[in-house]
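Undergrad: pasting the structure only:
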């Protein structure tokens, strides 16, 4: 037997055995973790697909106390007015490799009492933003009907000047001094011939979780096969010396 060699029972080799065993346990767990992530991704994609085919929610009729019950990508419409003075830019966006931002405005719903929601109006190239011609992406000033999706917000956002790294409703509410609804609206329509550009169609993929899982299991197999071969070589060398 391999472990019949006294050399393999020395403290240094025992540490090596423990290390390899721990490594194999880790690679197996990482493989199954990626498979779990894959199932979560599939479940999330299925939920999004189910949501996108639902009948649109009319935000003007939405009961505010039920607003927290909604999920991502539920179709919705709303009538109201944009506020061009309450505007921030969501950074680190890109379109076809071109860096840019997304334009976020507050929107006053035509409700009684008035309710407010943050609206992601779409993509604006960084070059256009830096040119400073804000009239090219100015929102409509009249009462307007918007179409798009309900989206759940993020937390722990960071606002620097007019640029924000994620859509954090609590942060925007404080910045704009408004009590915003607890989700935001992702507009899905081109309302002018200029900017911003409407959001790209949603692409649902399963990501790389399966290939990562296969890689981890291959590493496990290499360890299971390779380490015993190394130990057999050590034992064989010991017998030759003896």
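TA: Perfect, I can see it now. Fair warning: this is a prediction, and the values are worked out from it, not measured in the lab.
Undergrad: CA atoms for contacts and neighbours, from now on please.
TA: OK.
Undergrad: just so I have it, where are all the helices in this protein?
TA: Secondary structure of the chain (DSSP state H): helices located at 11-52, 126-131, 169-176, 209-241.
Undergrad: hey, which of these is tucked in deepest?
TA: Highest mean neighbour count among those (mean count of other CA atoms under 10 Å): helix 169-176, with a mean of 17.
Undergrad: Kindly list the longest strand within this structure.
TA: strand 74-95 (DSSP state E).
Undergrad: Just the angle for it relative to helix 169-176, thanks.
TA: Calculated by axes from the mean of the first three to the mean of the last three CA atoms, to 10 degrees, strand 74-95 forms an angle of 80 degrees with helix 169-176.
Undergrad: Show me what strand 74-95 is packed up against.
TA: helix 11-52, strand 57-58, strand 98-109, strand 116-125, strand 144-151, strand 163-164 (3 or more CA pairs under 8 Å, 6 or more residues apart in numbering; DSSP states H and E).
Undergrad: Let's have the ones you listed in JSON lines, adding distance to residue 71.
TA: Below are those laid out as JSON lines (distance: least, CA to CA, whole Å):
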{"stretch": "helix 11-52", "distance to residue 71": "8"}
{"stretch": "strand 57-58", "distance to residue 71": "12"}
{"stretch": "strand 98-109", "distance to residue 71": "20"}
{"stretch": "strand 116-125", "distance to residue 71": "15"}
{"stretch": "strand 144-151", "distance to residue 71": "7"}
{"stretch": "strand 163-164", "distance to residue 71": "23"}
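Undergrad: Redo those as a markdown table? Include mean pLDDT and distance to residue 77.
TA: Listed next are the helices and strands packed on strand 74-95 as a markdown table, based on pLDDT from 0 to 100; distance: least, CA to CA, whole Å:
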| stretch | mean pLDDT | distance to residue 77 |
| --- | --- | --- |
| helix 11-52 | 86 | 13 |
| strand 57-58 | 84 | 5 |
| strand 98-109 | 95 | 11 |
| strand 116-125 | 94 | 12 |
| strand 144-151 | 91 | 5 |
| strand 163-164 | 95 | 25 |
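Undergrad: closest one to residue 83 among those?
TA: The closest of those to residue 83 is strand 98-109. By CA to CA, the value is 5.7 Å.
Undergrad: could you redo the helices of the chain as CSV and give each row distance to residue 162?
TA: Formatted as CSV, the helices of the chain follow (distance: least, CA to CA, whole Å):
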stretch, distance to residue 162
helix 11-52, 31
helix 126-131, 12
helix 169-176, 10
helix 209-241, 36
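Undergrad: Of all those helices, which one comes closest to residue 202?
TA: Of the helices of the chain, nearest to residue 202 by CA to CA is helix 11-52, at 9.7 Å.
Undergrad: Run a quick neighbour tally on residue 104.
TA: 27 (other CA atoms under 10 Å).
Undergrad: ditto for residue 162
TA: Using other CA under 10 Å, residue 162 has 13 neighbouring residues.
Undergrad: What separation is there between it and residue 47?
TA: Distance, residue 162 to residue 47, by CA to CA, to the nearest Å: 34 Å.
Undergrad: I'd like to know how far residue 125 sits from residue 93.
TA: Counting by CA to CA - residue 125 and residue 93 are separated by 9 Å.
Undergrad: One more: residue 200?
TA: Applying CA to CA to residue 200 and residue 93 gives a distance of 12 Å.
Undergrad: Quick one: residues contacting residue 78.
TA: 58, 59, 60, 109, 145, 146, 147 (CA atoms under 8 Å, 6 or more residues apart in numbering).
Undergrad: Work out the sheet partners of the longest strand of the chain and label each with its direction, please.
TA: strand 57-58 (parallel), strand 98-109 (antiparallel), strand 144-151 (antiparallel), strand 163-164 (parallel) (DSSP bridges).
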